[in-house]
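In: Below are the sequence and a predicted model for it; my questions follow.
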Number of protein chains: 2
Amino acid sequence: MPRTAETASFKFNHTMIRIKDPKASLTFYQDILGMELLSEKKFDDFTLYFLAFNHAGHELTGDEKENSRFAREGVLELTHNHGTESDPSFQGYANGNSDPGKGFGHIAITVDDVEKACERFERLGVAFKKRPSDGKMKNIAFILDPDGYWIEVVPGILNL
Amino acid sequence: MPRTAETASFKFNHTMIRIKDPKASLTFYQDILGMELLSEKKFDDFTLYFLAFNHAGHELTGDEKENSRFAREGVLELTHNHGTESDPSFQGYANGNSDPGKGFGHIAITVDDVEKACERFERLGVAFKKRPSDGKMKNIAFILDPDGYWIEVVPGILNL
């Protein structure tokens, strides 16, 4: 039940972050996290990549991918400004968690088994901000994507 | 169909941003955007607010809210560090779109009618980064939340 009729159609469609190198980021989000590339839109100066987890129970057709990218929730948009990947003077993007620039915190993925997911991330060489065994919260972890953005790894039911 | 069996359970659960004043932000995300507060967790120094659009077709029970906040996609987590709302020296959070601190871009909501949604935002006094009539892309808009984070407003089907 939506709060008001006027907002009944609203969905939290996507989150956009900037990336330095699409090769590194697409490998990470597709092969390590398991997201699917719904759409890739190349413009003169930048390219947009839309990714999401496929919960449909079947392979998505090209049309299904394209039509779902603004129609569903849980989409990640990666913006690549052309040239950053090979520019030695490019400083990299702020991940939002240190001053100045603090504001954005992280994105989070739900997994059925945090321990197992993290063992796999470890094997695949993913960098950790917090392993499940670090700190007080043993049932969550934070991994880092290729640009250093924090990704929280949480169980589907978490008592917090 | 998930890309690998190991990531089959993964979902893009939430996006976390820091907010200065929960009163302003909760009014904005609940009453203007129409999200529902799933959970509020108060700690000594900070409070976490989890919000999402309710697509269930019925009012959520307390348990449904609590159990869904790490189980579904499309959740927004607002982190309030206590005291910022009344601290005159607090500079506010970077929205991620200016240097230094550039990295995070925006979140986006899908609506069935961008024009109509924006007319309502206008009536409610929401600040715009881009009205539908501004610039080249007539079918999208960007509004600003109380901290200045950009929120893109897109139609469910957008040819881009």
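Out: Now that the structure is in, tell me what you want to look at.
In: what bridges to residue A:77?
Out: residue A:16, residue A:50 (DSSP bridges).
In: burial count for it?
Out: Number of residues near residue A:77 (other CB atoms under 10 Å in any protein chain shown) recorded here: 24. From N, CA and C alone the C-beta is placed, and that goes for glycine too.
In: distance of it from residue B:127?
Out: Per CB to CB, to the nearest Å, residue A:77 is found 22 Å from residue B:127.
In: quick one, what contacts the residue of chain A found nearest chain B?
Out: The minimum distance from chain A to chain B, using CB to the nearest CB, falls at residue A:101 (2.1 Å). Contact partners of residue A:101, counting by CB atoms under 8 Å, 6 or more residues apart in numbering or on different chains, are A:94, B:94, B:96, B:100, B:101, B:102, B:103.
In: Enumerate every residue touching the second one.
Out: Spelled out, it's residue B:94. A:94, A:96, A:100, A:101, A:102, A:103, B:101.
In: what kind of secondary structure is the fifth one in?
Out: Three-state assignment for residue A:102 (DSSP: H, G, I helix; E, B strand; the rest coil): coil.
In: looking at it, residue A:73 is touching residue A:13, isn't it?
Out: Yes. Between residue A:73 and residue A:13 there is a contact at 6.4 Å, judged by CB atoms under 8 Å.
In: Quick check: which ranges of chain A have low pLDDT?
Out: Filtered on pLDDT under 70, chain A yields the residue ranges A:1-3.
In: Closest to the centroid, which residue in it?
Out: Taking CA atoms, centre = their mean, the centroid of chain A lies closest to residue A:76, which sits 5.5 Å from it.
In: Identify the residues contacting the helix ranked longest in chain A?
Out: For chain A, the helix with the greatest residue count under DSSP state H is helix A:114-123. Helix A:114-123 is contacted by residues A:32, A:111, A:128, A:131-132, A:139-141, A:143, A:153-155, B:6, B:10 when judged by CB under 8 Å, 6+ apart.
In: I figured residue A:69 hits residue A:52, correct?
Out: Yes. The pair residue A:69 and residue A:52 qualifies as a contact (CB under 8 Å) at a distance of 7.4 Å.
In: domain parsing for chain A?
Out: Listed by automatic domain parsing, the domain ranges of chain A are A:12-93, A:104-160.
In: Can I get these in CSV including distance to residue B:59?
Out: Putting the domains of chain A into CSV (distance: least, CB to CB, whole Å) gives the following:
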stretch, distance to residue B:59
domain A:12-93, 19
domain A:104-160, 21
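In: quick one, strands of chain A?
Out: Using DSSP state E, the strands of chain A run over A:11-19, A:36-42, A:46-52, A:75-81, A:104-111, A:127-130, A:141-144, A:150-155.
In: Adding distance to residue B:23, write the ones you listed out as a markdown table.
Out: Conversion of the strands of chain A to a markdown table gives the following (distance: least, CB to CB, whole Å):
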| stretch | distance to residue B:23 |
| --- | --- |
| strand A:11-19 | 21 |
| strand A:36-42 | 37 |
| strand A:46-52 | 33 |
| strand A:75-81 | 30 |
| strand A:104-111 | 20 |
| strand A:127-130 | 31 |
| strand A:141-144 | 29 |
| strand A:150-155 | 26 |
